[in-house]
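Peer 1: sequence below, structure please.
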Amino acid sequence: MNSLLLIINTLLIMTHTLPPLPYAMDALAPKMSKETLEYHYGKHLQTYIDNLNNLIKGTPYENMTLEEISVKADGPIYNNGAQAWNHAFFFNSFSPTPKSAPEGALAEAIKRDFGSFDAFKEQFGKAAIGLFGSGWTWLAADKDGKLVIVSESNAGNPLKKGLIPLLGIDVWEHSYYIDYRNRRADYVKNFWDIVDWKVIEKRFKK
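Peer 2: Numbers count the residues shown, from 1 in each chain. The predicted structure is shown next:
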């Protein structure tokens, strides 16, 4: 009986897995190379997921989603869980044939809160380039739909603050060093060429 219960409990534990990419590994080149994706997506993200699965065994977090872990956890579980969520969100923001600018309600909100789309990109880019060390810069919305730019160190994301992430850029060096070496500004500039605003609009509508 104890063996049967152990098997059942093991089956009930949520195992996090590497999410599939919505494009081929070489589809974003040269803005983001196949080699970068092989390391950033295939190795760094996989490591966060493997670490998380090991860390959550026997804890209250073992059946939580990545989003729940990102909101409720702290310490190593938060670091690995939030990084897994951040990266899955990040990689799903791109397309080899992206919609290059927002329309509709999102475009209106950007104009309302930043002055214009170009002004938003300038503010977002300055925040991403200026973030000291490793971390993320985010476009997020509050519950009333007001848009804000938030920079977070390390694994930080806006979920922890009750905000709704819409777009994030990873400025850890491993995200750009293969393609751009230490030229973070060039990485941020080319980031806009692969962001698919159709995806970001869907997130805003939700």
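Peer 1: could I get the average pLDDT for whichever strand or helix holds Leu167?
Peer 2: Assigned by DSSP states H and E, Leu167 belongs to strand 164-170. Per-residue pLDDT over strand 164-170 has a mean of 98.
Peer 1: quick check: neighbours of that strand in the sheet, parallel or antiparallel?
Peer 2: Strand 164-170 sits in its sheet next to strand 135-141 (antiparallel), going by DSSP bridges.
Peer 1: so after the partner strand, what's the next helix or strand?
Peer 2: strand 147-153.
Peer 1: buried set for that next one?
Peer 2: 147, 149-152 (16 or more other CB atoms under 10 Å). Glycine gets a C-beta too; all of them are placed from N, C-alpha and C.
Peer 1: can you redo these as CSV with pLDDT?
Peer 2: Shown next, in CSV, are those (pLDDT from 0 to 100):
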residue, pLDDT
Leu147, 98
Ile149, 98
Val150, 98
Ser151, 98
Glu152, 98
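Peer 1: name the next helix or strand downstream of the strand holding Leu167, please.
Peer 2: helix 177-180.
Peer 1: mind listing residues that contact that next one?
Peer 2: Where contact means CB atoms under 8 Å, 6 or more residues apart in numbering, the residues beyond helix 177-180 that reach it are 30-33, 35-36, 39, 186-187.
Peer 1: tell me which of the buried residues of strand 147-153 is nearest to Ile69?
Peer 2: Taking CB to CB as the measure, Glu152 is the one of those closest to Ile69, at 15.8 Å.
Peer 1: report the central residue of the chain.
Peer 2: Asn86 (2.9 Å; CA atoms, centre = their mean).
Peer 1: closest one of the buried residues of strand 147-153 to Tyr176?
Peer 2: Ser151 (16.1 Å).
Peer 1: now do the helices in this structure.
Peer 2: 2-12, 34-39, 46-55, 66-72, 75-91, 104-114, 117-130, 177-180, 184-191, 197-205 (DSSP state H).
Peer 1: buried set for the last one?
Peer 2: Within helix 197-205, the residues that count as buried by 16+ other CB under 10 Å are 197, 199-201, 203-204.
Peer 1: can you redo the residues you listed as a markdown table with pLDDT and distance to Leu45?
Peer 2: Output for the buried residues of helix 197-205, formatted as a markdown table (pLDDT from 0 to 100; distance: CB to CB, whole Å):
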| residue | pLDDT | distance to Leu45 |
| --- | --- | --- |
| Trp197 | 98 | 23 |
| Val199 | 98 | 18 |
| Ile200 | 98 | 20 |
| Glu201 | 98 | 25 |
| Arg203 | 97 | 20 |
| Phe204 | 97 | 25 |
